[in-house]
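Trainee: need coordinates for the below:
(one chain, ligands or ions: 2)
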Amino acid sequence: MIKVAPSILAGDFSRMGETVQACDNAGADWIHVDVMDGQFVPPITFGHQMVEAIRPYTDLPLDVHLMVEQPEKQIAFFQQAGADCLSVHVEASAHLHRTVAAIKEAGMKAGIVLNPGTPAYAAEPVLADVDYVLQMTVNPGFGGQSFIPGALANIKKLRAMIDERQLPVDIQVDGGINPTTAQQCVQAGATILVAGSAVFKEADLAKAIAQIRGQ
Ligand SMILES: O=C(CO)[C@@H](O)[C@H](O)COP(=O)(O)O
Ligand SMILES: [Fe+2]
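Mentor: Ligands and ions are numbered 1, 2, ... in the order given. Okay, the predicted model is just below:
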């Protein structure tokens, strides 16, 4: 039950609707949408208007990765735009428990995100409240970076914490994911694989997605 979520950050910004449709036709499970505010991370990408724009092009879950300060201010915007899953960085959220509760109250799946330098135990206080934990496997802010092998230890720790408590929580990984690193992450306990460049650098999206899934 491994899911693959192509990150549209690596897609063609001039035709995002068609890009999302192509991912859907190629067997993607979720569509990953990277929102950056120029504060939490240096670049600025786009806001909830992008979700609104691509929503008519697919019925797949739109998975929004918020790399923004004060993510709680964005919840209503993204819910109204049609997002299905919203994840917030633990490093950016002063009131993490309240933010997670507000995402769920808004009817979306709630995720929390850990940077490679953040200990796995930072997820523990809200582990029973979330639908997924996103373990970053690069430092956030840019696509096309190299996988950080040290993040595998965090994935294993998260897997142990989740299994010990028998929680229905997914582990998502994001950054430098290709068929090789995907396999390492799945072995460590990941269940949702985000990939940008490894999907969009291939002319055959279906083949790229299947290879990341391990097929
Ligand atoms: O959140 C991020 C980057 O901050 C990611 O979702 C990237 O978009 C993944 O890109 P690749 O590393 O797969 O090229
Ligand atoms: Fe992301």
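Trainee: quote the end-to-end distance of stretch 23-39.
Mentor: 30 Å (C-alpha to C-alpha, to the nearest Å).
Trainee: tell me how far that stretch lies from the chain's centre.
Mentor: Distance, stretch centre to chain centre, for stretch 23-39: 8 Å (C-alpha atoms, centre = their mean, to the nearest Å).
Trainee: let me see the mean pLDDT of it.
Mentor: Confidence over stretch 23-39 (mean pLDDT, whole number) is 98.
Trainee: which residues sit against the longest helix along the chain?
Mentor: Assignment by DSSP state H gives helix 151-164 as the longest helix of the chain. Helix 151-164 is contacted from outside by 114, 116, 118-121, 123-124, 127, 133, 135-137, 169, 171, 173, 184-185, 188-190, using C-beta atoms under 8 Å, 6 or more residues apart in numbering. C-beta here means a position set from N, CA and C on the backbone, and glycine is covered the same way.
Trainee: wait, I103 sits on A110?
Mentor: Yes - counting by C-beta atoms under 8 Å, I103 touches A110, with 4.0 Å between them.
Trainee: following the chain past the one helix or strand C23 maps to, name the next helix or strand.
Mentor: Element membership of C23 [criterion: DSSP states H and E] is helix 16-25. Next helix or strand after helix 16-25 toward the C-terminus (DSSP H and E): strand 31-36.
Trainee: list the contacts for the nearest residue to E72 once chain neighbours are set aside?
Mentor: The spatially closest residue to E72, leaving aside those adjacent along the chain, is T99, at 4.7 Å (C-beta to C-beta, 6 or more residues apart in numbering). For T99, the contact set (C-beta under 8 Å, 6+ apart) comprises 71-72, 75, 88, 93.
Trainee: please check the contacts of helix 151-164 and keep the buried ones.
Mentor: Buried by 16 or more other C-beta atoms under 10 Å: 114, 116, 118, 120, 123, 127, 133, 135-137, 169, 171, 173, 184-185, 188-190, out of the contacts of helix 151-164.
Trainee: among the residues you listed, which are located in strands?
Mentor: 114, 133, 135-136, 171, 173 (DSSP state E).
Trainee: in the protein, which residue sits nearest ligand 2?
Mentor: H65 (3.7 Å; C-beta to the ion).
Trainee: what does that residue show for phi and psi?
Mentor: Main-chain dihedrals, H65, degrees, to the nearest 10: phi -100, psi 100.
Trainee: tell me how far the closest residue to ligand 1 within the chain lies from N115.
Mentor: Residue of the chain nearest ligand 1, by C-beta to the nearest ligand atom: G196 (3.0 Å). Using C-beta to C-beta, to the nearest Å, one gets 17 Å for the distance from G196 to N115.
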